[in-house]
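Asker: Sequence and computational prediction follow.
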Amino acid sequence: MTIKPLIILPDPLLRQVSAPVERIDAESLRLADDMLETMYDAPGIGLAAIQIGVPRRLVVIDVSKDGEEKKPLVFFNPEIVASAEERSAYEEGCLSIPDYYAEVERPAAVTVKFVDRDGKQQEMQADGLLATCLQHEIDHLNGTLFIDHISRLKRDMVIRRFTKAAKGRI
């Protein structure tokens, strides 16, 4: 497994809509494993393939707490098929927007359809932190960032800050 470099805001790749994963083969499984390694190293609880520069519909998540056994989840071509009316708010962060956090309100529970590591179609109900994380990562696959769910003023300030930082790195 290989730790991959993360794509950081304002990289336009983060706004790209990711293409479906056509086959679950050795290459796509290796990508999932590399993503898990990258996510754990960061450290984070979720990662979309686009965040390492691969525009494919693949998400990895592990919401287990520090000290608990790791429970990695891999979702090929995930799609939210149902959302609860009830809403919940979490302070979200993003590996592609380091050291910035904001409270985001989303549906409290979702049902997600996806393909697993064995190539089988699955459906999962999720609530709490897992539901939030799934929505956050699936947003990435559609070119949406968590800052798109906060006020325009705050979002513009974050984008300006990261654009200025990126110019300093060039």
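Answerer: Great, that's in hand. For clarity, every value in this text was computed on a predicted model and none was experimentally measured. Residues are numbered from 1 along each chain as shown.
Asker: Please identify the helix or strand for the residue nearest to residue 123 when sequence neighbours are not counted.
Answerer: Using Cβ to Cβ, 6 or more residues apart in numbering and skipping residues adjacent in sequence, the residue nearest residue 123 is residue 113, 5.1 Å away. C-beta coordinates here come from the backbone N, C-alpha and C atoms, glycine included. Residue 113 belongs to strand 109-115 when assigned by DSSP states H and E.
Asker: Show me which positions of that strand end up buried.
Answerer: 109-112, 114-115 (16 or more other Cβ atoms under 10 Å).
Asker: could you pull out the helices for this structure?
Answerer: 26-41, 128-141, 152-169 (DSSP state H).
Asker: Nearest to residue 100 among the ones you listed would be which one?
Answerer: helix 152-169 (5.7 Å; Cβ to Cβ).
Asker: Show me what the worst-scoring helix or strand of the chain on mean pLDDT packs onto, helices and strands only.
Answerer: Scoring the helices and strands of the chain by mean pLDDT, DSSP states H and E places helix 152-169 at the bottom, with a mean of 91. With contacts taken as 3 or more Cβ pairs under 8 Å, 6 or more residues apart in numbering; DSSP states H and E, helix 152-169 sits against strand 97-107.
Asker: on contacts alone, who are the packing partners of the strand it packs on?
Answerer: strand 87-94, helix 128-141, helix 152-169.
Asker: export the buried residues of strand 109-115 to a markdown table and tack on pLDDT?
Answerer: Putting those into a markdown table (pLDDT from 0 to 100) gives the following:
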| residue | pLDDT |
| --- | --- |
| 109 | 98 |
| 110 | 98 |
| 111 | 98 |
| 112 | 98 |
| 114 | 98 |
| 115 | 98 |
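Asker: now for those, which pair is the farthest apart?
Answerer: 109 and 115 (21.3 Å).
Asker: Tell me where the model's unsure across this structure.
Answerer: The model of the chain has pLDDT under 70 over residues 169-170.
Asker: wait, what's in contact with the spatially most central residue of the chain?
Answerer: Centroid check for the chain by Cα atoms, centre = their mean gives residue 137 as the closest residue, at 2.6 Å. Going by Cβ atoms under 8 Å, 6 or more residues apart in numbering, residue 137 touches 46-48, 59, 61, 75, 78.
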